[in-house]
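Asker: this one's structure only:
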């Protein structure tokens, strides 16, 4: 079976690596155009592109999917199946209908929950206890196709989005191979989604970063975990915007103080929240490295 792989970030790279490792016939790779990064704004290749080139696979980076260029490449490659993992572009109907076995997608949630760009982050932000990965036959509507397989996993109590991302990328890679095998031998099921149960997981941005100290401790911890490693939760103390990486619920006694009030504490930054106090234990100040909060406080004041 000739497979055209479409993907861009680390999450997708793990799936492509698994296809290579298991000996599947990857006839080509589509990935997003190189994007300028870092201070020099030098164009950087995606993780998927780097891996594909190392295996000698033809790589294509069409800017658009509806102007005929992408469809022309696909006709030349003549794939039997298109596998899409975190590609970042919507496929039009003519592409979806081209391969004899269709187009399949690996999605980082238990569909129909969390359709959209950031399912893993929103599962952590919302304090979910369970998530997983889904393989599906793709449809024109976003993440709305028939489900093939799902795999569940528990979200660990202190797990960050980045840590969960890494675990789900491995699960997704294994599920993709299982899905390809089932399609190839004719045993892949098709289960229509219940669209009435669908929820959305929109793209994450920096507007979510500031911590609202009027919220309860659990909600604040979910915010910190869910925004790690990007864009990272923030708090402002003594005129400084601090990135907050780790914290814990500390005390139930707020002594009638307003949320956001800082209480001197040698072990970290203790802050009044909606149902007690939180202790920030790991932070990053402007121009500084990420570090233990108690160590930072030895040479700096935040109150």
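Answerer: That came in fine, so what should we check first? None of these values were measured; they are calculated from a predicted model.
Asker: Now for residue 5, how many residues are close by?
Answerer: Residue 5 has 29 neighbours, counted by other C-beta atoms under 10 Å. For the C-beta atoms, the positions are set from N, CA and C on the backbone; glycine is no exception.
Asker: Ok, residue 237 next?
Answerer: Every residue meeting other C-beta under 10 Å relative to residue 237 is counted, giving 18.
Asker: these two touch, right, it and residue 264?
Answerer: No: with contact defined as C-beta atoms under 8 Å, residue 237 does not reach residue 264; the gap is 11.8 Å.
Asker: Need the overlap of contacts for these two.
Answerer: Counting by C-beta atoms under 8 Å, 6 or more residues apart in numbering, the contacts common to residue 237 and residue 264 are residue 303.
Asker: where does residue 134 land in three-state SS?
Answerer: strand (DSSP: H, G, I helix; E, B strand; the rest coil).
Asker: Residues in a beta bridge with it, which ones?
Answerer: As for beta bridges, residue 134 partners with residue 107, residue 150 under DSSP bridges.
Asker: quick one: it and residue 108, what's the gap?
Answerer: Going from residue 134 to residue 108 by C-beta to C-beta, to the nearest Å gives 8 Å.
Asker: By mean pLDDT, flag the weakest helix or strand of the chain.
Answerer: None of the helices or strands of the chain scores lower by mean pLDDT, DSSP states H and E than strand 35-37, at a mean of 83.
Asker: Show me what that strand is packed against.
Answerer: When contacts are defined as 3 or more C-beta pairs under 8 Å, 6 or more residues apart in numbering; DSSP states H and E, strand 35-37 sits against strand 42-44.
Asker: contacting residues around the strand it packs on?
Answerer: 34, 35, 36, 37, 38.
Asker: mind running it again at 6 Å?
Answerer: 34, 36, 37 (C-beta atoms under 6 Å, 6 or more residues apart in numbering).
Asker: How much space separates the second one from residue 9?
Answerer: As for residue 36, its distance to residue 9 is 16 Å (criterion: C-beta to C-beta).
Asker: more crowded one of these two?
Answerer: Ranked by neighbour count (other C-beta under 10 Å), residue 36 and residue 9 place residue 9 first, with 18 against 9.
Asker: wouldn't that one be in contact with residue 86 here?
Answerer: Yes: in this structure, residue 9 is within contact of residue 86 by C-beta atoms under 6 Å, at 5.5 Å.
Asker: follow-up on the earlier one: quick one: strands adjacent to the least confident helix or strand of the chain?
Answerer: Applying DSSP bridges to the sheet, strand 35-37 is found paired with strand 42-44 (antiparallel).
Asker: Now do the partner strand: distance to the chain's middle.
Answerer: Distance of strand 42-44 from the chain centroid (C-alpha atoms, centre = their mean, to the nearest Å) equals 22 Å.
Asker: ditto for stretch 116-134
Answerer: The chain centroid and the centroid of stretch 116-134 are separated by 9 Å, computed with C-alpha atoms, centre = their mean.
Asker: Can you give the contact residues for the strand or helix carrying residue 52?
Answerer: For residue 52, the host element (DSSP states H and E) is helix 47-54. Applying C-beta under 6 Å, 6+ apart, the contact partners of helix 47-54 are 7, 8, 10, 12, 13, 16, 29, 31, 59.
Asker: did I read that right, residue 213 in a strand?
Answerer: No: counting by three-state DSSP, residue 213 is not part of a strand but coil.
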